[in-house]
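J.: okay, here's the prediction I keep looking at, along with the sequence it came from:
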Amino acid sequence: MNTFLAIFTGSPESMARWQALPADEQARRMAEGLEAWHAWVDRHRESIVSLGGPLGRTKRVTAAGVADIRNAMGGYTVVQAESHEAAARLFENHPHFAIFPGDGVEVMPVLPIPPRQG
């Protein structure tokens, strides 16, 4: 089995569409989305290495120092699958974008750290 990191993404536009919904529609979708999310977890429990969670505000650290930035990352989950394709298929029609205002899930392999040289 291989390990994959799934990053749940969202955009300011998708969030603006969500926030434009009436409060009762947001509440209905939130309840429906949470139920669907838990059902997704139940269906894929054997593939989930770490459920992960939502991500907060981002600070970027470089040689120039620390700065506040924005990116599209909204959450993460770590899964195991036989292939990259199989890992990606776990997230087809995921509630993150099917019900909630997220716009996608990016799935990438977690590669092994090369051994020390010499």
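T.: In hand now; what should we look at?

J.: secondary structure class for residue 108?
T.: Following DSSP: H, G, I helix; E, B strand; the rest coil, the label given to residue 108 is strand.

J.: residues contacting it?
T.: Residues near residue 108 by Cβ atoms under 8 Å, 6 or more residues apart in numbering: 4-5, 7. C-beta coordinates here come from the backbone N, C-alpha and C atoms, glycine included.

J.: next step: these restricted to helices.
T.: Under the assignment DSSP state H, the contacts of residue 108 contribute nothing to helices.

J.: which of these lies closest to residue 101?
T.: Nearest to residue 101, judged by Cβ to Cβ, of those is residue 7 at 15.6 Å.

J.: return the distance of the closest residue to the closest one other than its chain neighbours relative to residue 84.
T.: Of all residues not flanking residue 7 in the chain, residue 106 sits nearest, at 4.6 Å (Cβ to Cβ, 6 or more residues apart in numbering). Relative to residue 84, residue 106 is positioned 12 Å away (Cβ to Cβ, to the nearest Å).

J.: shared neighbours, those two?
T.: With Cβ under 8 Å, 6+ apart, residue 106 and residue 84 have no common neighbours.

J.: picking up where we left off before, tell me which of the contacts of residue 108 fall in strands.
T.: Secondary structure assignment by DSSP state E places 4-5, 7 of these in strands.

J.: re earlier: what about the contacts of residue 108, which one has the most neighbours?
T.: Among the contacts of residue 108, the one with the most neighbours (other Cβ atoms under 10 Å) is residue 4, at 23 neighbours.

J.: tell me the bridge partners for that residue.
T.: Here residue 4 sits in beta bridges with residue 79, residue 109, going by DSSP bridges.

J.: list the buried residues of stretch 31-45.
T.: Residues 33, 36, 40 are the ones in stretch 31-45 that count as buried (16 or more other Cβ atoms under 10 Å).
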